[in-house]
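[1] Provide a 3D model corresponding to the input given below.
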Amino acid sequence: MNFRMAVRRSTVAFGTMILSVSLVACGTPPGGAAQQQSEGGMFGCKGLPNSQAKNATIGAVAGAVVGGLIGNRVADNRGVGTRNGALLGALSGALIGSQYKASISLTEMPDGSVKMNIPGSLLFETGQYAVRPEFQQTLNGVAKSLREYCGLQARVVGHTDNVGSDAINDKLSVERAQSVVSYLESTGVRPANLSAQGRGKHEPIASNDTAEGRAQNRRVEIFVSETN
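    Numbers count the residues shown, from 1 in each chain. Modelled structure (predicted):
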């Protein structure tokens, strides 16, 4: 082997070693970018920080920043930093550009998921289930987070007030949840990571005796969690 060939082989080996180190540092799984892309759909994905220390850091940032993003609409964030601060941070980031961010609340749930509560009037016209074009940009932000982070799943739940029959309300709540799921799928979110349910009038969060209470009950909730 002459000197020039030896140098060339050493250079190739050194370059391969640097590439491998870079992929590990970026969190690319064994198998390379192709496997990472297959796990996260056509857009690829990255993992949420999974150590308590990392979550504590992100949770602290989320606690300081989310208030500026969506006002005081973040409820029950006592567990941020120890349970799912990274997830809360990802979803709050999805709302940064939304003109409706002040009306959307994020709540940490006991099971470690995060609930995004969206008033029905923002999503739909009265009695309808097609997503309003004005709200699609906000859903685009949510979809981006679902695509960007590996292993996230979203359960969409529709709710109504008590005006009308149970049959009509149950059907409308399912149709509204499915409409949101269909829109998220259209942006590239994997269907396997999405589900839709309807609760009709059966899980109110306010009194149906007032117009304000009925407006609160007409809502869609998106529960986002990491897959097991």
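
[2] what stretches of the chain score poorly on pLDDT?
    Low-confidence segments of the chain, defined by pLDDT under 70: 1-44, 49-84, 228.

[3] how does it look with 50?
    Applying pLDDT under 50 to the chain flags the ranges 3-43, 51-73, 76-83.

[4] phi and psi next, for Ser195.
    phi -150, psi 160 (degrees, to the nearest 10).

[5] try Gln153
    Residue torsions, per degrees, to the nearest 10, at Gln153 are phi -130, psi 150.

[6] run through the bridge partners of it.
    For Gln153, the beta-bridge partners are Ser225 (DSSP bridges).

[7] isn't it up against Arg190?
    No. Counting by C-beta atoms under 8 Å, Arg190 is not a contact partner of Gln153; they are 9.0 Å apart. In short, each C-beta sits where N, CA and C put it, glycine included.

[8] what sits against Ser145?
    Ala90, Leu91, Gly93, Ala94, Leu152, Val224 (C-beta atoms under 8 Å, 6 or more residues apart in numbering).

[9] now do Gln99
    Contacts of Gln99 by C-beta under 8 Å, 6+ apart are Gln137, Thr138.

[10] now it: how far from Gly213?
    Separation of Gln99 from Gly213 (C-beta to C-beta, to the nearest Å): 25 Å.

[11] swap in Arg155?
    25 Å.

[12] who's more crowded, those two?
    More crowded of Arg155 and Gly213, by other C-beta atoms under 10 Å: Arg155, with 18 against 15.

[13] secondary structure element for the more buried one?
    Arg155 belongs to strand 152-159 when assigned by DSSP states H and E.

[14] wait, Ile104 sits on Asn117?
    Yes. Using C-beta under 8 Å, Ile104 is in contact with Asn117, at 6.7 Å.

[15] neighbour count: those two, which is higher?
    Taking neighbours as other C-beta under 10 Å, Ile104 and Asn117 compare with Ile104 leading, 23 against 18.

[16] check contacts around that one.
    Applying C-beta under 8 Å, 6+ apart, the residues near Ile104 are Ile70, Arg73, Leu95, Ser98, Met116, Asn117, Ile118, Pro119, Leu122, Thr138.

[17] would you convert those residues into a markdown table that also reports secondary structure and distance to Asn169?
    What follows is the contacts of Ile104, written out as a markdown table (DSSP: H, G, I helix; E, B strand; the rest coil; distance: C-beta to C-beta, whole Å):
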| residue | secondary structure | distance to Asn169 |
| --- | --- | --- |
| Ile70 | helix | 29 |
| Arg73 | coil | 26 |
| Leu95 | coil | 28 |
| Ser98 | coil | 27 |
| Met116 | strand | 22 |
| Asn117 | strand | 18 |
| Ile118 | strand | 18 |
| Pro119 | strand | 17 |
| Leu122 | helix | 19 |
| Thr138 | helix | 24 |
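
[18] and the gap between the residue nearest to Arg218 when sequence neighbours are not counted and Ala192?
    Spatial nearest neighbour of Arg218, excluding adjacent residues (C-beta to C-beta, 6 or more residues apart in numbering): Gly120 at 3.6 Å. From Gly120 across to Ala192, the span is 27 Å (C-beta to C-beta).
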